[in-house]
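1. From the sequence below, what's the structure:
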Amino acid sequence: MRSHPRRTHTRSVLAAALLGLAACGGGTSPTAPTTPPPQVPLRLAGPCAVAPLTIPTPSPSLDLATQLAALPGVASVVEGAAPPAGTRFFVLAFDRPVDHCEPGGARFQHRATLLWKGATAPTVLAATGYAIGTGTGQAELTLLLNANQVRMEHRYFGLSVPAVLDWSKLDLFQAASDQHQLVETLKPLLTGPWVTTGASKGGMTSVYHRAFYPDDVAATVAYVAPVVLSNADARYVPFLESIGPPSCREALHAVQNAILRSHAGIEPLMAASVASFRDAYLTFGLSRTLDLAALELQFTFWQYGGEAGCASIPGPGATAAVLFDFMDWVYGGWPGGTAWAWGDATLQYYAPYYYQSSTQLGYPALPQAHLLAALGGAPLVDDGSIYPPLGVTRPWDGQAIPAVEAWVRVRGDRIMFIYGGRDPWSGGQFTPSAGGVKHVVATANHGASISMLPNAEYAAAAATLRGWLGLPAAVMAPVAAARLAPVSEGGEVDPSVLHGRWLRRARALPPP
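-> Predicted structure coming up:
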């Protein structure tokens with residue numbers, strides 16, 4: 001359960017665009033050809049052309065809330081109380097077509113938030129790839145640029161869900177078109193330079209939007225955005241097995257085997273824990289859930305942790321209770337982490353992601369050779385197709401992500417990628433074009449950020465962004481100040497962490 005990420009699955013994005021695989025691991029990318037091969041289009045083509053919206057000329061004499069309400073497709077505008085000093089905050093809902101190729105068909109309300117600082121300030125459009133909250137937390141770019149912030153919910157998550165779920169309309173093109181229309185609608189009121197961003201699946205979402213609509217914004221900063229090329233992308237196995245000291249990897253392998261051989265002791269602990277959270281393990285059943293949790297333990301350990309956690313790995317002879325406590329720690333850092341990560345409520349929350357991963361986004365393969373004996377000799381099937389939504393047809397579109405990867409490699413100018421050198425998702429990375437850039441924070445996990453870069457590299461990244469956005473040198477904070485700035489909810493933090501907090505509040509349980 002790794003979190004981070006229609007017509008006929010955008011098959012018109014050109015098989016000819018399959019120019020190769022994304023680079024694995026860290027480091028800088030090779031320079032793209034100066035003359036792009038003609039088979040890579042200027043933009044990826046969807047199954048239809050989305051007609052432009054007619055946006056009225058803003059009326060500066062009117063209050064901002066009134067101007068927002070007058071924009072086409074705006075279904076509701078709710079202004080929040082007590083926003084940060086010098087800002088205004090709004091929760092917005094837009095009326096959007098479920099199928100952008102049939103705008104007269106079914107509609108749904110697409111939710112976004114706006115933190116307003118000024119009409120001519122830069123605007124950061126932060127996609128989570130999942131649901132959004134209604135807090136005023138600011139992404140790293142918003143803080144560094146002192147920018148307006150638009151946070152966008154992904155279709156089929158949170159409150160942005162059609163009344164009737166047509167899963168075939170959950171694809172890259174439809175979601176990119178949602179984002180395109182959001183930019184198109186708000187740009188007349190937010191006239192400064194726009195930059196899209198997001199972490200993990202949010203970073204992926206921002207890149208897909210640029211591939212279909214490259215001229216919507218001036219630049220994109222995609223944090224920890226993986227490239228996954230199949231439902232069992234084998235590139236992730238050797239990369240995961242290269243993270244951390246060999247002794248730590250061996251200890252993780254040993255504890256995975258110990259968990260798999262301790263079903264009798266661990267299952268009752270799991271059952272009691274998940275029941276205390278008013279949840280269950282009905283999706284897979286208790287035994288299979290434990291097998292999957294043991295398999296994914298190594299990936300999750302490095303995704304959210306680091307070498308400091310190696311000392312906490314239980315040694316030989318650990319009791320079932322100790323092993324289960326370690327699972328809870330890896331899957332959430334507090335008692336109940338396993339129940340949250342693998343309970344039915346969370347699996348259902350992520351159902352749209354699992355649908356996307358089993359139709360277009362793909363799923364990483366995991367090391368299993370060291371577990372086969374404990375698994376009875378047969379590897380586990382662990383990809384998006386086994387997760388909710390169950391009973392839904394999921395045709396695999398093997399062209400979509402390779403086409404995006406090829407477009408980025410050749411055409412994806414003004415895109416900055418930030419990766420963590422010890423993040424398992426870095427097993428598949430985008431390779432930027434000659435007009436883009438990639439930075440790898442060597443010791444970072446899935447929380448890598450610009451502010452973690454060494455001083456000289458941070459300065460280079462800041463200069464690159466200012467150049468792309470046409471901003472003066474004084475705009476971005478110097479590195480020392482940047483490292484003191486808090487990176488708050490949903491900016492560069494994996495949305496699954498936020499969802500865990502939300503889930504606890506929704507169940508009226510005390511915080512961890």
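
2. From now on I want contacts and neighbour counts done on CA atoms only, so please keep to that.
-> Noted.

3. Now do the strands in the stretch 151-300 of the chain.
-> 194-199, 219-223 (DSSP state E, counting those that start in this stretch).

4. what pLDDT, on average, does stretch 397-409 get?
-> For stretch 397-409, mean pLDDT is 97.

5. wait, I meant stretch 253-264
-> Mean pLDDT, taken over the full extent of stretch 253-264, equals 98.

6. which parts of that stretch are buried?
-> The neighbour-count check on stretch 253-264 (16 or more other Cα atoms under 10 Å) flags 253, 254, 255, 256, 257, 258, 259, 260, 261, 262, 263 as buried.

7. wait, the third one sits on residue 312?
-> Read it as residue 255. No - with contact defined as Cα atoms under 8 Å, residue 255 does not count as touching residue 312 (11.1 Å).

8. residues contacting the residue nearest to residue 448 when sequence neighbours are not counted?
-> In space, not counting the residues next to it along the chain, residue 448 is nearest to residue 420; the distance is 5.1 Å by Cα to Cα, 6 or more residues apart in numbering. Neighbouring residues of residue 420 by Cα atoms under 8 Å, 6 or more residues apart in numbering: 26, 224, 426, 440, 441, 442, 443, 444, 445, 446, 447, 448.

9. looking at those residues, which has the most residues close by?
-> residue 224 (34 neighbours; other Cα atoms under 10 Å).

10. how near is it to residue 329?
-> Applying Cα to Cα, to the nearest Å, one obtains 23 Å for the distance of residue 224 from residue 329.

11. So the residue sitting furthest away from the middle of the chain versus residue 67, what's the distance?
-> Ranked by distance from the centre of the chain (Cα atoms, centre = their mean), the top residue is residue 61, with 38.6 Å. Relative to residue 67, residue 61 is positioned 9 Å away (Cα to Cα).

12. ditto for residue 362
-> For residue 362, the distance to residue 67 - Cα to Cα - is 41 Å.

13. More neighbours: which of those two?
-> Neighbours per residue (other Cα under 10 Å) separate residue 362 from residue 67, with residue 362 holding more: 26 against 16.

14. For this structure, which segments are assigned as strands?
-> For the chain, the strands defined by DSSP state E occupy 74-79, 88-97, 107-116, 123-127, 148-152, 194-199, 219-223, 415-420, 437-441.

15. Throw these into CSV and include mean pLDDT and distance to residue 396, thanks.
-> Rendered in CSV, the data for these read as follows (pLDDT from 0 to 100; distance: least, Cα to Cα, whole Å):
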stretch, mean pLDDT, distance to residue 396
strand 74-79, 98, 34
strand 88-97, 98, 24
strand 107-116, 98, 25
strand 123-127, 98, 24
strand 148-152, 98, 26
strand 194-199, 98, 25
strand 219-223, 98, 25
strand 415-420, 98, 27
strand 437-441, 98, 29
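
16. can you pull the contacts of residue 350?
-> residue 388.

17. quick one: it and residue 75, what's the gap?
-> 26 Å.

18. Stretch 359-368: end-to-end distance?
-> The first and final residues of stretch 359-368 sit 24 Å from each other (Cα to Cα).

19. where does residue 486 land on pLDDT?
-> Turning to residue 486, the model gives it a pLDDT of 38.

20. actually residue 337, sorry about that
-> According to the per-residue confidence, residue 337 scores 94 in pLDDT.

21. Low-confidence regions, this structure specifically.
-> Regions of the chain meeting the criterion pLDDT under 70 cover residues 1-38, 477-512.

22. Nearest residue to residue 129 in space, ignoring adjacent ones along the chain?
-> Using Cα to Cα, 6+ apart and skipping the chain neighbours, the partner closest in space to residue 129 is residue 202 (4.2 Å).

23. Would you check that the one you found makes contact with residue 125?
-> No - applying Cα under 8 Å as the test, residue 202 and residue 125 come out as separate, 10.5 Å apart.

24. gap between the residue nearest to residue 129 and residue 132?
-> For residue 202 relative to residue 132 (Cα to Cα), the value is 11 Å.

25. Over to residue 424?
-> Distance check for residue 424 against residue 132: by Cα to Cα, it reads 25 Å.

26. how far does stretch 361-376 stretch from start to finish?
-> Between the opening and closing residues of stretch 361-376 lies a distance of 30 Å (Cα to Cα).

27. Okay, buried residues for it please.
-> Of the residues in stretch 361-376, 361, 362, 363, 364, 365, 366, 367, 368, 371, 374, 375 count as buried by neighbour count, 16+ other Cα under 10 Å.

28. How about the contacts made by the last one?
-> Contact partners of residue 375, counting by Cα under 8 Å, 6+ apart, are residue 260.

29. Check residue 157 too.
-> With the criterion set at Cα under 8 Å, 6+ apart, residue 157 makes contact with 130, 131, 349, 352.

30. tell me, how many neighbours does the first one end up with?
-> Other residues lying near residue 130 total 26 when counted by other Cα under 10 Å.

31. before we move on, what about the last one?
-> The burial count assigned to residue 352 is 22, neighbours taken as other Cα under 10 Å.

32. picking up where we left off before, for residue 202 and residue 132, indicate the residue with more neighbours.
-> Relative neighbour count places residue 202 above the other of residue 202 and residue 132, with 31 against 24, counting by other Cα under 10 Å.

33. What's the separation between the more buried one and residue 295?
-> Taking Cα to Cα as the measure, residue 202 and residue 295 are separated by 25 Å.

34. before we move on, what about residue 288?
-> 11 Å.

35. higher neighbour count, those two?
-> For residue 288 and residue 295, the more surrounded residue by other Cα under 10 Å is residue 295, and the numbers stand at 24 against 13.

36. give the contact list for that one.
-> Taking Cα under 8 Å, 6+ apart as the criterion, residue 295 is in contact with 256, 366, 368.

37. Go again with 10 Å.
-> 253, 256-257, 259-260, 289, 366-368, 371, 375, 379-380, 382 (Cα atoms under 10 Å, 6 or more residues apart in numbering).

38. in terms of contact, does residue 414 touch residue 434 like I think?
-> Yes - because the distance of 9.3 Å satisfies Cα atoms under 10 Å, residue 414 is recorded as touching residue 434.

39. Quick check: the closest residue in space to residue 440 that isn't next to it in sequence vs residue 226, distance?
-> In space, residue 440 comes closest to residue 419 once its chain neighbours are excluded; the distance is 4.7 Å by Cα to Cα, 6+ apart. In this structure, residue 419 and residue 226 are 9 Å apart, going by Cα to Cα.

40. These two: who's more crowded?
-> More neighbours surround residue 419 than the other of residue 419 and residue 226, with 33 against 27 (other Cα under 10 Å).

41. Surely the more buried one is in contact with residue 437?
-> No - taking contacts as Cα under 10 Å, residue 419 lies outside contact range of residue 437: 11.3 Å.

42. how near is residue 213 to residue 220?
-> Spatial separation of residue 213 from residue 220 under the definition Cα to Cα is 12 Å.

43. Which residues are in contact with each of these two?
-> By Cα under 10 Å, 6+ apart, residue 213 and residue 220 have these common neighbours: residue 207.

44. So between those two, which is more surrounded?
-> With neighbours defined as other Cα under 10 Å, residue 213 and residue 220 compare such that residue 220 has more, 29 against 19.

45. Wait, the more buried one touches residue 199, no?
-> No - contact between residue 220 and residue 199 fails when scored by Cα under 10 Å: they sit 11.4 Å apart.

46. intersection of neighbour lists for these two?
-> Going by Cα under 10 Å, 6+ apart, residues that sit against residue 220 and also against residue 199 are 126, 206.

47. Skipping its backbone neighbours, what lies nearest residue 330 in space?
-> If the residues on either side of it in the chain are set aside, residue 330 comes closest to residue 301, at 5.6 Å by Cα to Cα, 6+ apart.
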